[in-house]
Structures are given as structure tokens and as C-alpha cells.
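S.K.: Below are the sequence and a predicted model for it; my questions follow.
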Amino acid sequence: MRQETVKSDVTVIGGGLSGISAAIAAARLGQKVALVHNRPVLGGNSSSEVRVWVCGATSHGVNRYARETGIMGELFIQNQYRNPEGNPYLWDVTLLEAVRAEPNLTLFMNTDVREVEADGELDARVIRSVTGWMMGSERDITFESEVFLDCTGDGLVGFLAGAAYRIGREARHEFGEDWAPEVADDITLGSTLLFYTKDTGKPVRFVAPSFAKDITTTSIPLKRVIRSGDSGCHYWWIEWGGELDTVHENERIRDELWSVIYGIWDYIKNSGQFEADNMTLEWVGSMPGKREYRRFLGDTILTQNDVISQRPFDDRIAFGGWSIDLHPPQGMYATESGSKHLHADGIYHIPFGSVYSRNVSNLLFAGRNISASHVAFGTTRVMATCAVIGEAAGVGAALSVKKGVTPRELRAQHMTELQQTMLRMDASIIGLRNEDSADLARQGTLSASSTRRRIAIDRPSEAYALTSDVGLLFPADGGIEDLSLLATASEATRLTVELWDTGRHENYVPANLLQALTIEVEAGEKQWLSIPVENALFDGEPCNVFAIVRANEAVSLYTSEVPATGVLSFERGVKPVVSSNLEDHQPDQPVIEWSMKRLVRRPFCFTVQTNAFGPEKVVDGYVRPYGGPHMWVSEPLERGREEWVEVALAQPADVSQIQITFNDDVNEDLINLHHHETPFLVIPELVKSYDVQAWATGEWITVASDEHNRSRKKIHALNQPVRTDRIRIVVKETNGCERAEVIEIRIYEEL
């Protein structure tokens, strides 16, 4: 047996999406990082070994403008391009390549950490090292570093270090959570095994193994959705173990899940109730995907009330948007719905105080083991949210090492620097803006070749009968002018249009009624209806307007196949497509009441004047929608004509780095495996071909360019600084959008 010692600045234990993101983030900030993972592939529950969809703040299209950016966003975009069919093995490759691309990061797979050396009193512990056994290589490896991150999910490292934690459900009175039980208990969410099927094109027999359960003797066929064409995460509800210890009874749980999977397949194949003659089992999982175990205690415990009220923590470092999604303790044998969902009105915020230990001074954590109540954990546990928390923990770890402080001291003394560092890395913190004093562009003067001043969605595709209320969201910046709707009326009638604000800038649901209008409509086809808006209501700070068009069976609007950045359309009262026996979404929750799922990229035809897309938006500090789109948008690109946006610096500078953030439409819901497939490999709004130009020696010179861009965030470090007082981004081609769209430009002399 070989015994080795690995010294690094940061050690991350756990190679799921939270650990991957933490390790990459710390490595990109110049720290030497060891990423230690006990499996042969990366990805945790998202890997080919378990195959769970990577869900996050979009909540499968429930939340608007909610897709993650930063490292998780990079992984989504890369996977969309190289793996549109959702092959789980290609997802493994995407993750492995992302880790291997970082020169400061060393990966140790098949290495199971089971020993932790820590000292100090119980309220002031310090981890000195962790030791893992590399299976198959007979190497006993000790990892020493200044800071450790427990991204193991189950929280074994923190537990062995003596970190304070909880398992189970808190009592309702402790945090005032109405979804918590009256009395605390040790119940958790259960574990799941998945299976894949395929059509072989010929009849296939299935002989059930002896341990297959006869599911007709259980409540499963009565209370759960079974279909022969479903597989994978459609069967997330094959869940069990919530009333057991999901770690120490893991083998028992796995065997029970196996018995049900083979029993369900026996039922599908041999009951005669399904068209499944040509179907066969292609893959059955062997490692249960765990949902819940230890939750560590930090200086902040995130609660249900924080989530639902969307509390804007001063130390916020990440966001989520999945519903509070809790399952019955009996799992697949429960006679109630398989899950119940409580939604906030939009995304919610996650504080840095929830990602470090209150009593182990050099321990951070990310993933499903963060400091949250059981109820709040019901939303933070999904993997894309775990990943953005991981990136924040990795940045926190790197800055702690760099400054020689604990994470708690970092929060108290350097919180702004942590947040600004994350924003520079394109990790979204909703509502915070760029305040980087080194960014020369912030003090610059902006101009552009052209600017979109009018939203005119005037290419109708299909008529849409107003049998129920619909919504239309668009930006108002300095007022509303020339608002009109394209409609057909079968008879003379009156149409009611209401204008609402959205309350919080991160929300996209109607909150406060500002104006109600009733207009006369004559019978006729495809007529433009002018909406007489009281302009003064919207001439304050930029915001989004939610226009509700009330139902009128005599009127039809029109949808367009040409989307428009900053515009969303909604239907009211669309019921979830899943069975109520499987998922319970309370219909009076605004994000459920107003659904955009069937109208994504299909806005209603309308016109409005707007100041929302001026070139000054690229330096307003925001890098994602927040009370408006926050980006420059040009007039349509014409054949042979290039569009540009320019920053004139306050004074000449020796520019060495230019950072650009392009629009990748964070409203587009992406996923890693097989939930759905986008009709394009690259987000159409992304700029494909561009030049970065500097004004030097009396002419424009190209200092950087890309002809095949697929990325949202581009960093161009120049080989040598260029003396200039003007920088241009010249857009030559997009990936399908008819306009050039740029969110942010940063300019640095040096970093």
C-alpha cells in the first residue's frame, strides 16, 4: 500500500455538481485545488451512474429568466451543443473536461475519504487533513490544506470533523414554518433508483426475477403514474427510505427499490394493460440517488419564510427557484400525492452564512448539506442550485486562503469583495450590480451604431382565442408610448386591458394594479388596437410591465414565431400536465396561475416604444434581467452591415483585458439529460462572430476576435497592453437572432 500526502490551498471532497463548481471556482482564482471524489465518474446524482435531471431555479419553465449562469451555466451551454439528445455518458465527459481544463486543479477519483484529523474545542474546531483510500490503486492519500469543502451530500467529512448538524424535520414552532410538522422527528426524503427502457423493434419477453414485487398488492398502481413509454426521471417517485436512516440502511433501501423497479416492469410487460411488446429494459440503476441526510449548521439557517418572502440577505451569494418540494415519508407506498410544491413569486436568495460551519473554522460546504431547515432544504437540494452554491463556496474558500481569514471573518470583513468577485466571474447574485473600481468601462461614455427603440412584434403566426385571460410582459424605461395589440374581433365588443407592476424586480407576475382600461373594438380582422396608457405611471425607474388582457370570446390575439428579448407571454389557469396523484401544485400561487410554458419564444403581437436597450445598459452593472433586460440591442442586422457598441474611456489607458457578456437568454430552460430538447444547438441570441477593436494611432485596430462563439462570457487577455481611449465590440453575426445583443463590457488595465 502506498501512502502519500497531497498539499494544496483548498481541498474539495465530493465530485457532484456542487464540488465541481467549488473546485473550478477556487482554481480560477489562482488557488491550488484538490478535488477528491469517491466514484469513477463525476457528477454525483447527475452522473451516468444515477441519471437524475439537473434541475434548478427555472423549475422546468415555471420561473422566468431564472437559468443559472457562472460555471453551471457554462456546463448547460456546453452540454446543449455537444449532447442535445441527453446521453448520460456524454454528460460525464462534459464534466470531466471542465475539471481537466483547469491547470490549478488536480482530480482524485475513486478516492473515498473516511478519516479526518481535526483538533480544538467543540465550538472552535480546525481540520488539519483528510485521508482517503484510492480504490483499485491501493493508495492511501492524505490531503492537507488551509480550507476544506464538504460537498459529499451526506456530510461525512464535516461529521468526522465534529461540525454541528441536524438530521430530520424541525418542529413548526422553531422557525414558524407552516409546512413543518408540529413535532420534530428524524424523517427525511427518501432515495430513488431509476431505469431506462428502449424499443427494440421486435417482441421481447421479460421473465421477472424472484425478488420482483407484485405491485398489484400495493397502492402503487392506484396512486402513481405508470406508462410504458416513460423511463428515467419520469419515475422519480420510485422513492423509499424516508422513515429509515438513508445512509446506514442504504443497502436495504436499494434492495426494496430494485424489487419495485422489476415489479413495475413485470406489470408493464406482462399485465396486458400496456403496449410494451417491443420494449426492453436498457439500464437499471444500482446506486440509490439520495435526497437528504445531514444538514450542517452555519451562522444562518435558511428557512421556509426566507424562501417564500424572497429575503434579500446582505450576504447573498446565490439564488434558487425550484419549489419547496417535499415528499411523503412513505415514498412510493404513500396514498397521498408523490410530492407537494410551494412556490415563491420568483427566485429567492441564499446567504453566505449558510455555506460555512458555525463551529469548524475552516470548513465550508455546498450541495444538499448546507445550513437550511428541512422545509427550505426542499428547494435548495436540486442540483443546479447546489452548483451555484458550490461556486460561491469555492470563491469564499479561495478568498479565505488568499487573505488568511476564516469564512466567518471573510463574511464580516470582505463580503463586498466576495460578491464582486463572483459577479466578475459571471456567477449571478440577483439584484447586485458591478461596482468594480478597476473596471474602466463603468466611467466611460457609450455609443452604438444603432439601438432598438421600438418593440414591434408584427409578424403573426397563429390566432389565439381569448377564452381565458392572458398576460404580456415588457420593459418600461422612462414611460410607455405607442402601446398596441394585434387582434381580430368577430363582432363589435369591449376589451379590458390592465397594467400591473411586478412588485420585486426579480419577479415576473402581476403584483399591483396601476391602470385598468376598457377599449371599444370594432368587428374586423388583424386590426391594431391602441391602448391609451397613462404614461406618468411608468416614467420612474426602469421596470417591467405586466399587461393582462381579460378573456373575451369574441376576440383573438396573435402569437409570433419571432421572439423578442425582454418580452414574455403568459396563459392563465393552465393546469400542470402531470397527474394530481403525482404532484400537488397549489393553483393560487402566481407563478403557477400564470404559465409561460406553451408560449416560450411565441410572444403575442404588439408594439411599444422603449428606452430599455440603449448602449448605456452595457455598463449599468447588471448582467441579467432585473426590472428590465439590461443590455444593448441593435436594429436588425442587415446583409453586409456590422453593428457595434463603443465605450469611450474617461482618459487614455493601457488596456490589457476586455470582458464581454453576451445574451444567452436565461429564460431558456436547459437540462442535461432527457426532459426536453431545444430546437437549436446554440442559443440564437448569442453573438457568433465579432471583433474587439481599439482606437490606436489614429485608426481602429482589431485586438481580439472570435468567429465561432458559443459562450456567454468572453475574456480577452491581450498579449500586450494597447494604449487607447475607445473600445468597440463589432458584431458581425449571431447564432440566429436578427439583432446584436450585448449585456456587459468590462475593461481593465490589469487585474
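M.R.: Now that the structure is in, tell me what you want to look at.
S.K.: List the contacts of E85.
M.R.: 674, 677 (C-beta atoms under 8 Å, 6 or more residues apart in numbering). Every C-beta, even on glycine, is put in place using the N, C-alpha and C of the backbone.
S.K.: ok, 10 Å please
M.R.: Counting by C-beta atoms under 10 Å, 6 or more residues apart in numbering, E85 touches 673-674, 677.
S.K.: With respect to R2, which of those is nearest?
M.R.: L673 (37.3 Å; C-beta to C-beta).
S.K.: So what's the residue count around that closest one?
M.R.: Residue neighbour count, defined by other C-beta atoms under 10 Å, stands at 20 for L673.
S.K.: Pull up the per-residue confidence for the closest residue to it other than its chain neighbours.
M.R.: Excluding the flanking residues, the one nearest L673 by C-beta to C-beta, 6 or more residues apart in numbering is G86, at 4.2 Å. Looking at G86, its pLDDT reads 94.
S.K.: can you pull the contacts of D669?
M.R.: When contacts are counted by C-beta under 10 Å, 6+ apart, D669 touches 55-56, 58-63, 66-67, 76, 597, 600, 675-676, 678.
S.K.: now do 6 Å
M.R.: Residues near D669 by C-beta atoms under 6 Å, 6 or more residues apart in numbering: 58, 61.
S.K.: And the pLDDT at it?
M.R.: What the model reports as pLDDT for D669 is 95.
S.K.: try the one 5 residues further on
M.R.: H674 carries a pLDDT value of 75.
S.K.: Tell me how far it lies from D314.
M.R.: Relative to D314, H674 is positioned 40 Å away (C-beta to C-beta, to the nearest Å).
S.K.: from memory A740 sits against E643, does it?
M.R.: Yes: judged on C-beta atoms under 6 Å, A740 makes contact with E643 at a distance of 4.1 Å.
S.K.: And those two? Which one has more around it.
M.R.: A740 (30 against 26).
S.K.: In the protein, where's the longest strand?
M.R.: Assignment by DSSP state E gives strand 713-734 as the longest strand of the chain.
S.K.: could you say what helices and strands that strand packs with?
M.R.: Helices and strands touching strand 713-734, by 3 or more C-beta pairs under 6 Å, 6 or more residues apart in numbering; DSSP states H and E, are strand 643-662, strand 687-696, strand 699-706, strand 739-748.
S.K.: The residue nearest to L673: how many residues sit nearby?
M.R.: Using other C-beta under 10 Å, G86 has 19 other residues around it.
S.K.: repeat for L718
M.R.: 15.
S.K.: go on, the one 3 residues further on?
M.R.: Residues within reach of P721, counting by other C-beta under 10 Å, total 15.
S.K.: ok, now the one 10 residues further on?
M.R.: The number of residues packed around V731, counting by other C-beta under 10 Å, is 24.
S.K.: Now it: closest residue in space, sequence neighbours ignored.
M.R.: Of all residues not flanking V731 in the chain, A740 sits nearest, at 3.7 Å (C-beta to C-beta, 6+ apart).
S.K.: how close does the one you found get to V687?
M.R.: Separation of A740 from V687 (C-beta to C-beta) stands at 6 Å.
S.K.: Can you show me the helices along the stretch 101-250 of the chain?
M.R.: 156-161, 172-175, 220-223, 250-270 (DSSP state H, counting those that start in this stretch).
S.K.: most tightly surrounded among those?
M.R.: Most buried of those, by mean neighbour count (mean count of other C-beta atoms under 10 Å): helix 156-161, with a mean of 24.
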